[in-house]
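S.K.: Model the following, please.
(one chain, ligands or ions: 2)
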Amino acid sequence: MYLNIKDTSQKTLLVQIEITGSKEKRLAKDRHNEFKELVLSSGANIVAGVRGRQEQPVASTFIKKGKISQIKNKVKDLTIDLVIFNHDLSPSQERNLETIFKSRVLDRTGLILDIFALRAKSHTGKLQVELAQLSHLSTRLVRGWSHLERQRGGIGLRGGPGEKQLETDRRLINQRIKTINKKLNKVHQQRTLNKYSRQKSKNILISLIGYTNSGKTTLFNVLTGSDQYVANQPFATLDSVTRKNKDNNLSPFLFSDTVGFISELPTQLIESFKATLDELKSADLILHVVDISDSNYLHKLEEVNNLLDELDISHIQQLRVNNKIDKIGNKDILEDYRFGDKEVWISAKEELGISNLQESMIHCVNKEVFVGWISLKSSLGRVRSNLYSLGYVEEEKTSTSSGLIQLKIKMGREYLQELLLEKGVKLVDSNKNKIEVAV
Ligand SMILES: Nc1nc2c(ncn2[C@@H]2O[C@H](COP(=O)(O)OP(=O)(O)OP(=O)(O)O)[C@@H](O)[C@H]2O)c(=O)[nH]1
Ligand SMILES: [Mg+2]
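M.R.: Ligands and ions are numbered 1, 2, ... in the order given. Below is the predicted model:
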């Protein structure tokens, strides 16, 4: 079932059929481009493609007779090893097509699982991918698939500890699924413990989520000063990472970067990544990173929101981060930013708009915003410049009689309290100060 596409550098033919009776909103061209990117990132060698339209899938083979013979001829003429469909196929459809084409057939879920297996690095990540592969595989073993096994003499499983040969026996697969589930449960318990210790330490958790390739990790690196792997390819990140805020001034933020989403993300993956994705549930804020330079961004945004719904985390407040503004040639949009906006415009790559983003994050996690005057001893230049760099200062006066610096600031209540703990920082005429409650 799970061949290692890259290692064998299979000669591959791609199939995408537009199902006109389906609810699919995306343009066939966009779906096809994404499909090609997925296939390329799996390492396959694309040699041909077949596209078409039909009203509905055919129950036994998904595609109609005409397309079947077209593909069959290409497979023979071009000595194709692998036919990949940009659709989910039922186990019997896959098997019937393999028998007709006399070549391997992989569906969209199989393809995505293969890429995940290729990318998984951590022990947990590998277990999660293996679990997803096994549960996908177990549905395909019901009626046996020895027809191809005999031809090829066994198929390798990419990923999983030791890249071992997969036992094609349901009983063994189920045993393995149980073992993995046990191991993942342990990981999950450990994570829950970590969650509690985090709550105790009052850190605020901000999770970066978004469609794959939208720039989450690039932004994560900017915010935390990390050096996580960034790449122009789907699913560069598989393992979640949590790190502290780089600017350790006033914000006790923890950021967590996680796996990207994609349309029609296989349910097996969602299931087995639940332990990791569960962490999202304890986030105080979600940064929904959107590649605004992508012509299809609205659709992708909707897909991500649907997945958040499915994962039961759509209630967590979201800040939409429109990334890659350097690519749309409209950096002026930065000027439109207003304090309290639920949408910010940035370029993570060129580090533009980051202070707006920081201000908005603070605004989101601190519902109560203080607006008023504080005074600082003139020796507290460091505090003053920190306040400026975080964009909290609205006005400044220097009192000639006392030599104190007076600043009109706008910031979250929690941080104001921390600020007032600094020696030499005081509130000025508290009657004139007001507390605003953010909506
Ligand atoms: N031009 C431009 N490119 C960007 C920007 N942010 C990220 N990129 C590029 O977009 C690609 C994907 O970036 P990543 O940070 O890996 O994206 P991701 O959302 O973490 O992707 P996955 O982990 O694969 O889901 C890389 O080639 C980045 O260099 C940006 O602001 N401007
Ligand atoms: Mg990433």
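S.K.: Can you tell me which helix or strand of the protein has the lowest average pLDDT?
M.R.: Sorting the helices and strands of the chain by mean pLDDT, DSSP states H and E puts helix 146-152 at the bottom, at a mean of 40.
S.K.: Residues of the stretch 201-350 of the chain that sit close to ligand 1?
M.R.: 210, 212-218, 230-232, 234-237, 260, 323-324, 326-327, 347-349 (CB under 6 Å from any ligand atom). In this view, the C-beta of every residue, glycine as well, is placed from N, C-alpha and C.
S.K.: just checking, which of those belong to strands?
M.R.: Secondary structure defined by DSSP state E assigns 210, 323 of those to strands.
S.K.: Filter the residues of the stretch 201-350 of the chain next to ligand 1 down to the buried ones.
M.R.: For those, a burial check counting by 16 or more other CB atoms under 10 Å picks out 210, 212-218, 230, 234-237, 260, 323-324, 347-349.
S.K.: hmm, back to that, restrict the residues of the stretch 201-350 of the chain next to ligand 1 to contacts with ligand 2.
M.R.: Checking these against ligand 2 by CB under 5 Å from the ion, the ones in range are 216-217, 236-237.
S.K.: what residues are up against the residue of the stretch 201-350 of the chain found nearest ligand 1?
M.R.: In the stretch 201-350 of the chain, the residue that lies nearest ligand 1 is residue 260 (2.4 Å; CB to the nearest ligand atom). Taking CB atoms under 8 Å, 6 or more residues apart in numbering, we find residue 260 in contact with 210-214, 216, 234-237.
S.K.: Ramachandran coordinates for the most centrally placed residue in the chain?
M.R.: Centroid-nearest residue in the chain, with CA atoms, centre = their mean: residue 260, separated by 2.0 Å. Main-chain dihedrals, residue 260, degrees, to the nearest 10: phi -80, psi 160.
S.K.: distance of it from residue 307?
M.R.: 10 Å (CB to CB, to the nearest Å).
S.K.: just residue 399 next, same as before
M.R.: Distance from residue 399 to residue 307, by CB to CB: 54 Å.
S.K.: More neighbours: which of the two?
M.R.: residue 307 (19 against 12; other CB atoms under 10 Å).
S.K.: For residue 242, which non-adjacent residue is closest in space?
M.R.: If the residues on either side of it in the chain are set aside, residue 242 comes closest to residue 256, at 4.1 Å by CB to CB, 6 or more residues apart in numbering.
S.K.: average pLDDT for whatever helix or strand the one you found lives in?
M.R.: Here residue 256, judged by DSSP states H and E, is contained in strand 253-257. For strand 253-257, mean pLDDT is 90.
S.K.: Find the nearest non-adjacent residue to residue 37, please.
M.R.: residue 234 (5.9 Å).
S.K.: Who are the contact partners of residue 253?
M.R.: Per CB under 8 Å, 6+ apart, neighbours of residue 253: 203-206, 223, 244-245, 361, 365.
S.K.: one more time with 7 Å
M.R.: The contact partners of residue 253, taken as CB atoms under 7 Å, 6 or more residues apart in numbering, are 204, 206, 245.
S.K.: Repeat that for residue 213.
M.R.: 232, 234, 260, 291 are the contacts of residue 213 under CB under 7 Å, 6+ apart.
S.K.: Count the residues that sit near the last one.
M.R.: One way to gauge burial is a neighbour count; for residue 291, by other CB under 10 Å, it gives 20.
S.K.: Beta-bridge partners for it, please?
M.R.: Beta-bridge pairing for residue 291 (DSSP bridges): residue 323.
S.K.: That one touches residue 321, doesn't it?
M.R.: No: in this structure residue 291 lies outside contact range of residue 321 using CB atoms under 7 Å: 10.2 Å.
S.K.: could you pull out the strands for the stretch 151-300 of the chain?
M.R.: Secondary structure of the stretch 151-300 of the chain (DSSP state E, counting those that start in this stretch): strands at 204-210, 241-244, 253-257, 285-291.
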